[in-house]
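> here is my input; please provide its structure:
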Amino acid sequence: MFENLPVLPADPILGLMDAFHHDSNPNKIDLGVGVYKNTQGETPVLESVKRAEHHLLESEQTKLYIGPAGSAEFGSAIENLLLGETHSVINDGRVSTVQTPGGCGALRVAAELVKKSNPSATIWVSDPTWGNHIPLLGDSGLQIKTYPYYDTTTHRVSFEAMITALQQAKSGDLVLLHGCCHNPSGADLSHQQWQMLARMALEKGFTPFIDIAYQGFGSGIEEDAYGLRLMAEQLPELLIASSCSKNFGIYRERVGAVLVISQNTSHAKACTTQLARIVRGIYSMPPSHGAAVVAHILNNKGLRQHWLGELDTMRERINNLRQQLLEQLTTKGGGNAFSFISTQKGMFSFLDMPPAQVQRLRTEFSIYMTTDSRISIAGINSNNIDYLSSAIISVT
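Below is the predicted model of the structure:
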């Protein structure tokens, strides 16, 4: 039965992790994996999460299933976090929310809903985008097309080219947008660009599909939701895939949500039943623990403030690392070549280095990043930044 299955190549990120693990160089640096790390190179459990887990340990009375749609308490808390407690679409009952196994689960469940609603729809995805977007969405059977997004010359969003490409999008198509902290480029849409895209969606009839996996890592919890809230306010329909892995630091708990904003409450009720049926046919029920932790943090005023403080600390550390890396590269001979690093948002940046230079960093200095020169800023710390900056200047 399985004799004809070929051996597939390793996932680029997972392959990097494995190569890094087996590298014996004591100076090795992992800039590939997209997880937050502190100054010691560790990914700690947030204190707010520990407190919430202690509460659950003392108060939880059952381990029964929570149903295909997940925790209603979690769903309501996530709606308020993403959209704001007073957003009109919540008050009007136009939001259908389902808890999912991480942002990956949210993307796939949303794709399956689109397939049921409009099997001929095309999902337009930015070039570049997160490496798992196309497999997650495309494996549902939907057609995938790409639109230009990042200009390697200016190190900014290639907005005119993006708009030109999206003129081809048809009514019923979807356009996948990164809500903030674009992965992998770190180049985000401006408020004006979000407004132009909202108008274009209305005119062309396509539906924005927003993946927001780093809310709070760009400019702040409220600020990073600008584009999402704007489109929810102005458009009749919207898809949102959300992840709690990064901003709550609960990667292995796999906590996410898919939100569908419909034209009216009757459409929303239909979407809720359809989402539950899709979930039932894929993984039946989502896990409970991580979502319960998030819901408790968001619904407890004191704990929520503590979590926001921890999130501020993580964001400020990443922003400071961007500035420090830029200063080191500049003083060591980089001139203005890397000035874009300090203007980009979130955990990632492109260094815009050719693959040959990326390979030299790996073979000569044991510095690991993806072939397209995307780096995770969180992999930098005070112990390795001098070595890293010297190596980058050496190969460039």
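> so which residues of the chain form strands?
Per DSSP state E, the chain carries strands over the ranges 29-30, 95-101, 122-127, 143-148, 150-151, 156-157, 174-178, 207-212, 238-243, 255-261, 348-350, 367-368, 374-376.
> tell me which residues in the helix or strand bottoming out on mean pLDDT in the chain are buried?
Ranked by mean pLDDT, DSSP states H and E, the weakest helix or strand in the chain is helix 12-21, scoring a mean of 80. Using 16 or more other CB atoms under 10 Å as the test for burial, helix 12-21 gives 13, 16, 19-20. (Glycine included, C-beta is placed from N, CA and C.)
> quick revisit: reformat the strands of the chain as a markdown table; add mean pLDDT.
As requested, those are exported to a markdown table (pLDDT from 0 to 100):
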| stretch | mean pLDDT |
| --- | --- |
| strand 29-30 | 93 |
| strand 95-101 | 97 |
| strand 122-127 | 97 |
| strand 143-148 | 97 |
| strand 150-151 | 95 |
| strand 156-157 | 94 |
| strand 174-178 | 98 |
| strand 207-212 | 98 |
| strand 238-243 | 98 |
| strand 255-261 | 98 |
| strand 348-350 | 91 |
| strand 367-368 | 94 |
| strand 374-376 | 93 |
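> want to throw the buried residues of helix 12-21 into TSV with distance to residue 184?
Formatted as TSV, the buried residues of helix 12-21 follow (distance: CB to CB, whole Å):
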residue	distance to residue 184
13	10
16	13
19	19
20	18
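> which of those sits closest to residue 353?
Within the buried residues of helix 12-21, distances to residue 353 taken as CB to CB reach their minimum at residue 16, with 15.5 Å.
> how much space is there between that closest one and residue 366?
Here residue 16 is placed at a distance of 12 Å from residue 366 (CB to CB, to the nearest Å).
> ok, residue 128 next?
Counting by CB to CB - residue 128 and residue 366 are separated by 25 Å.
> cool, and residue 349?
When CB to CB is the yardstick, residue 349 and residue 366 sit 20 Å from each other.
> give me the more crowded residue out of the two.
Legend: neighbour count by other CB atoms under 10 Å for residue 349 and residue 366, higher for residue 349 (26 against 19).
> residues in contact with stretch 319-331: which ones?
Stretch 319-331 is contacted from outside by 336-339, 341-342, 344, 349, 377-378, 380-381, 385-386, 388-389, 392-393, using CB atoms under 8 Å, 6 or more residues apart in numbering.
> mind checking which of those residues land in helices?
385-386, 388-389, 392-393 (DSSP state H).
> so can I have a markdown table of these showing neighbour count?
Shown next, in a markdown table, are the ones in helices among the contacts of stretch 319-331 (neighbours: other CB atoms under 10 Å):
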| residue | neighbour count |
| --- | --- |
| 385 | 17 |
| 386 | 12 |
| 388 | 22 |
| 389 | 23 |
| 392 | 24 |
| 393 | 17 |
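> turn those residues into a markdown table, including pLDDT and distance to residue 59.
Listed next are the ones in helices among the contacts of stretch 319-331 as a markdown table, based on pLDDT from 0 to 100; distance: CB to CB, whole Å:
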| residue | pLDDT | distance to residue 59 |
| --- | --- | --- |
| 385 | 94 | 43 |
| 386 | 95 | 48 |
| 388 | 96 | 45 |
| 389 | 95 | 49 |
| 392 | 95 | 50 |
| 393 | 94 | 54 |
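> out of those, who's nearest residue 221?
Closest to residue 221, out of all of those and judged by CB to CB, is residue 385, at 27.7 Å.
> mind listing what residue 264 touches?
Applying CB under 8 Å, 6+ apart, the residues near residue 264 are 92, 94.
> how far away is it from residue 89?
Using CB to CB, residue 264 is found at 11 Å from residue 89.
> how about the helices in this structure?
Using DSSP H, helices in the chain cover 12-21, 47-59, 72-83, 88-91, 102-117, 133-138, 159-166, 191-204, 226-234, 265-282, 289-299, 301-329, 355-365, 385-395.
> can you give me how far the first one is from the chain middle?
Distance of helix 12-21 from the chain centroid (CA atoms, centre = their mean, to the nearest Å) equals 20 Å.
> distance to residue 283 added to the strands of the chain, as a markdown table?
As requested, the strands of the chain are exported to a markdown table (distance: least, CB to CB, whole Å):
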| stretch | distance to residue 283 |
| --- | --- |
| strand 29-30 | 30 |
| strand 95-101 | 7 |
| strand 122-127 | 22 |
| strand 143-148 | 23 |
| strand 150-151 | 34 |
| strand 156-157 | 35 |
| strand 174-178 | 22 |
| strand 207-212 | 20 |
| strand 238-243 | 16 |
| strand 255-261 | 12 |
| strand 348-350 | 29 |
| strand 367-368 | 32 |
| strand 374-376 | 28 |
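> to residue 189, which of these lies closest?
Using CB to CB, those put strand 156-157 closest to residue 189, at 6.1 Å.
> helices and strands around the closest one, which ones?
strand 150-151 (3 or more CB pairs under 8 Å, 6 or more residues apart in numbering; DSSP states H and E).
> domain ranges for this structure?
12-43+315-395, 65-299 (automatic domain parsing).
> and the last one, how far out from the chain's middle?
In this view, domain 65-299 has its centroid 10 Å away from the chain centroid, taken as CA atoms, centre = their mean.
> same question for the shortest one.
Centroid displacement of domain 12-43+315-395 relative to its chain, using CA atoms, centre = their mean, is 19 Å.
> what about that domain, how long is it end to end?
22 Å (CA to CA, to the nearest Å).
> ok, residue 207 - contacts?
Contacts of residue 207 by CB under 8 Å, 6+ apart are 172-175, 201, 235, 237-239.
> for those residues, give me CSV that also has neighbour count.
Below are the contacts of residue 207 laid out as CSV (neighbours: other CB under 10 Å):
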residue, neighbour count
172, 14
173, 23
174, 25
175, 24
201, 23
235, 18
237, 20
238, 25
239, 23
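> among those, which one lies nearest to residue 70?
Distances from residue 70 to the contacts of residue 207, taken by CB to CB, are shortest for residue 239, at 17.2 Å.
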